[in-house]
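Visitor: From the sequence below, what's the structure:
(chains A and B)
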Amino acid sequence: MQEVKVDQELDIRGEVCPFTFVKSKLVLEDMKEGEVLKVIIDYPPSAENVPKSMREEGQEVIAVNKVGDRLWEILIRKRK
Amino acid sequence: MGDTYKEKKIKVLFVISSVPFSNDFDTIYNLSKVLIKSAEVEFFLTGNGVYYLVRPETEEFSKLGVKIYFCAHAAHQRGIKDIPSWAESSSTYNLSRMMQEADKVISFN
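Guide: Numbers count the residues shown, from 1 in each chain, chains lettered A, B, ... in the order given. Just a heads-up that it's a prediction; the model follows:
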């Protein structure tokens, strides 16, 4: 997969639903359209629901990568 | 005129946080059986309501045509791992969206 340029990173390890999504959404709102946000989480339900909610909101989820035993990075491109 | 008026089904959302072994279960079942004939019915299981996932009879709601969502956080906290295929993982953020879209919201807690 082609390397994606990340414009901003949000490390919310230790956070749980629904704050994982709400905090990601707030950061994304301050970014420009087309920019990419990397979200780092360590909570399994969020690894499933943050991408789902982002898609439902019309954002582009580029990738959901498991990068550790209980660690995920979610790459989101702002689309609206 | 000419365009036929297509009756839009109302959307009823049940927010359930009471355990499935209380009287609510029968009340919810009887209500759903009636409502499903003329409405779109959705459940959002949260708090102790996620225990509906482990009660086998809950599948009857799905067979009725009810769409069942559950708070993945609440299920994770309660150690519920085997998620039945008729239930969809969701979050309380999604609940806030579902509540906006529903015509009526009934909560059992």
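
Visitor: can we go C-alpha only for contacts and neighbour counts from here?
Guide: Noted.

Visitor: and the most centrally placed residue in chain B, what is it in contact with?
Guide: Geometric centre of chain B, nearest residue: B:Phe43, 0.8 Å, by C-alpha atoms, centre = their mean. The neighbours of B:Phe43, taking C-alpha atoms under 8 Å, 6 or more residues apart in numbering or on different chains as the test, are B:Leu13, B:Phe14, B:Val15, B:Ile16, B:Val66, B:Lys67, B:Ile68, B:Tyr69, B:Phe70.

Visitor: Quick one: neighbours of the fifth one, just the number.
Guide: Applying the criterion other C-alpha atoms under 10 Å in any protein chain shown, we find 22 residues in the vicinity of B:Val66.

Visitor: Check whether it really touches B:Lys37, as I assumed.
Guide: No. Between B:Val66 and B:Lys37 there is no contact under C-alpha atoms under 8 Å: 10.8 Å.

Visitor: Residues touching the helix-or-strand element of chain A with minimal mean pLDDT, excluding its own?
Guide: Within chain A, judged by mean pLDDT, DSSP states H and E, the helix or strand with the poorest mean is helix A:44-56; its value is a mean of 92. Here helix A:44-56 makes contact (C-alpha under 8 Å, 6+ apart) with A:16-18, A:20-21, A:25, A:41, A:60-61, A:64, A:70, A:72, A:74, B:72-73, B:76, B:89-91, B:94.
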